[in-house]
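Undergrad: Quick one, structure for this:
(chains A and B)
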Amino acid sequence: MSRRIDRAALRGNYLSRRQWLGMLGVGTTVAIAGCSGGGDGGDDGESSGEAELGGDRGNEVDLGQEPPEVSGQYDDVQGSGFDTLNPIFNTESGAGAAIGYALDQGYTFDPDNDLFPLLYDVRTADNGKTWTIDIREGLQFSDPYGEFTADDFVFYVQEVHQAEWAPSANSGEWSGVTLSRVGEYEVEATLENANILWPETFTPLEYPIPRDLIEPYVEAEDVEGMQQDEELIELQFAGNLGAYTLDEWVRDGGTSYSRNDEYYLRQLAEANEEFRIFGSAPYFEAAEIEIIEEESSRIAALETGEADHVSLPPDRGDQFIDDDGTRVVLADTPFNNILSVNMRDNGWTAGPGNLFRITEFRQALAASINKPELIEGVYRGFHNPHYTWQPAFSEWFPGTDELTLWGNPDEGVYGAEARDLAEQALEQTDEGYSYDGDVLLGPNGDQVELQLYYNAASPTQELAAGFYAEEFEKHLGFALSTNAIDGTRFSEQYWSAEDVADPGVTAEYEGTEFVWETPTPNNPGPREFTSNEPWDFGTVFALNTYPLNPLSNEVFFDGQDVYNPVGYYPEFDAAGLFQQAREAEERAELQSIFEELFVNLNEEQPYIMLTFGVDIEGYNPDLVGPIGDFANGWNFPTWHFDA
Amino acid sequence: MGLARYIGARVIWAGVVSLIIVTITFLLLALAPNPSISEAATQAALQGGDPTEAVERQQELRGLDQPLHVRYLDFLEGVYTLNWGWSEQRSQPVIEALGEGIYYTAQYSIPWTVLTLSIGPLVGVYSAANMYSWRDHLATGFAFFGWAIPNFFFGIILLYIFGVWLQWVPIQYSTDVAVFSVANAKQLLLPVFVLVTGSIGAVMRVSRNESAEFQNATFMKTARAKGVSPTRAYAYHVMRPTMVPLSTTIVSQLLVIFLGSSLLVELVFGIPGLGRLTFDALLAQDTNLVLGSTLLFTFIAVVGNLIEDIVFTLLDPRISYDDR
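TA: Down below sits the predicted model:
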């Protein structure tokens, strides 16, 4: 868990497998994120030359239709290569997509957020304490490994993930889970604490790995051997467990696949008319992932029709939306853009006290930034406003009626009201801060000046930082000096601490006692434990909001968990709400708990919430399948070219 | 000293140089903090484990608990038996990774080198023979243009014109096509052109200036007086002495360009060659692969210098083996 969150902060650089699954919300197939639940299905389906923020479902595959004709080659283009295709050790999203063509995982989620069983179903009969994993029959590994059964599953989890010797991608994820084989195709998992969102945590989501293949390595505790095994790296054992068969992996060049005639999901069509389209799946003769690191070359490949899919940068989005030769799908994401404020003792470098600790001041910050203008001016319209720690497409989003719309000039709190909030904050401190006209003065009589750090590699962050500086000066009267910084340096010197408190240390904030059982560099202890360098604002890191499993957000907001670089301690009972959520027995119960949680986070603005990112995906207009949805790609084996 | 003894001495010297470089590389590696060890410590701390124990375990796993001289001898043995370890970043043995990189790089670097070496001196000498004529100005302009325009930018522009607009060449580099095929020639046309224009300028200018020095030399006057044709006079009497100083320029320049320019060109054209391999290995802190690429380039440089020394003596018999 802790590892996942730490790497969430470094998104794009290095992610645990859970992390990218959590981020993408898809269990298999292509690595393209979209939105969920926002779909109105009302798009015209003629999306050439059009695109819509959120919910473009017009090009969706009809699962009940007759199998289409098999034709052509699907060419995907990615910007970076893969470290490994070994499913046991892979932790990267790009490689996950490459593996997904040839090897399915246990299940995925459809656009309605319902679990869609692939290799197996996961269900509970006792409100999340005990789960049954039902494996399909007829899942065949390549020779000589035979059928995928409960025995393979249990052996893999117990002897690799739950064993201490093997640093697999899912090590630690299975701690506290007791597995037992209850039948040839049935596994029972008993959780330490009940969790009705267990499948959404992606813990039970596994690749099928043959026991006979890994057993020698397990017996010898040979990590290197298992990491370097050619059959694992080249997915030679995949049998009928993937839509395509991996033919070749050229490092830095990409992967190529041919159609798998034996794909197991074809059995779906026999069993259920609703899934007739799976009858002859998949529908491309071949598939390829090409690695082109240079962005303009990738885009050129889409322009000339050599590629069927390329992710587009925001500054090229409009051009392709207007282009009839490309279908652009805009897919909402759960990744936010936030302004982090340092509430620890080395934050607020403008003088004594730390106004960031006062909720009204954080509200003032949120209210002083015009979100629609930020989205239009900096993100070219390709972002969504961010008010609480869930995107609007999440089933746990409380609805805008319940929230204060900070920074929304038309329907929310903005401008002059930001100044009122700042003055309320000043009344709560006796450090000598005051307003002289439009200027916020410090105790020494000079204008308050604060520092903001943004990622030197991001022109967008630089542009946004300039906008924040203008808005703060205009509405709150303090000066903001913006500084470019290398992401790694910020992470090491500002975002984490070397000096970590002793385990068990306690502190009291706002009448609540917090205990640090295992302080970490990203939450080193009470506010007196700080990073090496002082800082005020940071925009270097964005975070995931975990719309499928909001319980994961506990690490950000309960104050004493592994991730709290900013030193935020909630003034509401966040820990209690998370505890209730863990114990909830029904989704309806969860709904009200999460509503209370997210309304409170909207009020407290522990991080100043600004926008949610949108993925701009460019596709071949003849391709049937891509949708503007968080679950985009969940049914990739049914994608096909329009005849 | 005879030619054979001279070459023998140079080869031994090349071996000593490579040993020194390998030793320095080993020492730098031994002194640098190992990222995988610090990562293991961080992970252990985050998961509530004991970081010290994790560090010890990692060191033991990687053989770092051995004394320095034992590690050095192991390292040397590995280097000279071509057991260069496993590349974490590519999931394949380092030797195999380098082999793959060379395979794709060679497909454009061989034509690039051949064209640079054949066209550059010829055009330079031609320019010198027609000094200050419009032909000379054209060749000089071309040389400066190729030298001045960044390969990276030039590549993108050409790709846009010939790939996107005219669609004469493919945008995506395909690894599926045969090496000796029209399709491969087509997809390598632009990278080779960009690299040749980038490197030919210096060769052309040096050979122009050097040959200008020789075209009025007394031996040229003698040759002309004896009725030698201009082509023969330039080919035999100007080109040969010109090539002596030029060989230094060519070897050093091609080595520099090999790493720098080929990386940029590989990035633009999506070629999975040696430049990208090295660059990605550096970014990913893939120690074994970085080390392997360092050694490879070291060996190329050492062998390049050796060839240069030998070529020197062959081109100009006046250079004595004893002085070198």
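Undergrad: contacts and neighbour counts: CA atoms only from here.
TA: Noted.
Undergrad: longest single strand anywhere in chain A?
TA: Taking DSSP state E as the assignment, the strand of chain A that covers the most residues is strand A:327-341.
Undergrad: list the helices and strands that strand packs on?
TA: With contacts taken as 3 or more CA pairs under 8 Å, 6 or more residues apart in numbering or on different chains; DSSP states H and E, strand A:327-341 sits against helix A:314-321, strand A:537-538, strand A:608-619.
Undergrad: contacts for the helix or strand just after it?
TA: Scanning forward in sequence from strand A:327-341, with DSSP states H and E defining helices and strands, the next element found is helix A:359-368. Outside of helix A:359-368, the residues that reach it under the criterion CA atoms under 8 Å, 6 or more residues apart in numbering or on different chains are A:355-356, A:406-408, A:413-415, A:417-422, A:424-425, A:471-472, A:475-476, A:603-606, A:608-610.
Undergrad: Buried subset of these as a PyMOL selection?
TA: Buried residues among the contacts of helix A:359-368 (16 or more other CA atoms under 10 Å in any protein chain shown), as a PyMOL selection:
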select buried, chain A and resi 355+356+406+407+408+413+414+415+417+418+419+420+421+422+424+425+471+472+475+476+603+604+605+606+608+609+610
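Undergrad: Just the ones in strands from the contacts of helix A:359-368, please.
TA: Those of the contacts of helix A:359-368 mapping onto strands are A:608-610, per DSSP E.
Undergrad: Output those as JSON lines; include the columns distance to A:Ala271.
TA: Written out in JSON lines, the entries for the ones in strands among the contacts of helix A:359-368 read as follows (distance: CA to CA, whole Å):
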{"residue": "A:Ile608", "distance to A:Ala271": "50"}
{"residue": "A:Met609", "distance to A:Ala271": "47"}
{"residue": "A:Leu610", "distance to A:Ala271": "47"}
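Undergrad: I'd like to know which of those is nearest to A:Phe594.
TA: Taking CA to CA as the measure, A:Phe594 lies nearest A:Met609 of the ones in strands among the contacts of helix A:359-368, at 17.6 Å.
Undergrad: Near the closest residue in space to the closest one that isn't next to it in sequence, how many other residues are there?
TA: Beyond its immediate neighbours in the sequence, the residue positioned closest to A:Met609 (CA to CA, 6 or more residues apart in numbering or on different chains) is A:Ile338, lying 4.9 Å away. Residues near A:Ile338, counting by other CA atoms under 10 Å in any protein chain shown, number 22.
Undergrad: State whether A:Ile338 and A:Ile608 are indeed in contact, as I suppose.
TA: Yes: under the contact definition of CA atoms under 8 Å, A:Ile338 touches A:Ile608, with a separation of 5.5 Å.
Undergrad: pLDDT below threshold where in the chain?
TA: Reading this off chain A. A:1-56 (pLDDT under 70).
Undergrad: looking at chain B here, not the other one
TA: Across chain B, residues meeting the criterion (pLDDT under 70) sit at B:1, B:33-55, B:57-64, B:252-261, B:319-324.
Undergrad: Flag every residue of it that's near chain A.
TA: Applying CA under 8 Å from any CA of the partner chain, we find that chain B lies next to chain A at B:43, B:45-48, B:88-92, B:156, B:159-160, B:163-164, B:167, B:170-172, B:175, B:267-272, B:276-277.
Undergrad: and with 6 Å instead?
TA: B:46, B:89-91, B:164, B:171, B:267-268, B:270, B:272 (CA under 6 Å from any CA of the partner chain).
Undergrad: okay, now the domains of chain B?
TA: When chain B is parsed into structural domains using automatic domain parsing, the resulting residue ranges are B:3-93, B:94-315.
Undergrad: Mind giving me the ChimeraX select for the residues of chain B next to chain A, buried ones only?
TA: To isolate in ChimeraX the members of those that are buried, counting by 16+ other CA under 10 Å, one can use:
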select /B:46,89,90,91,164,171,267,268,270,272
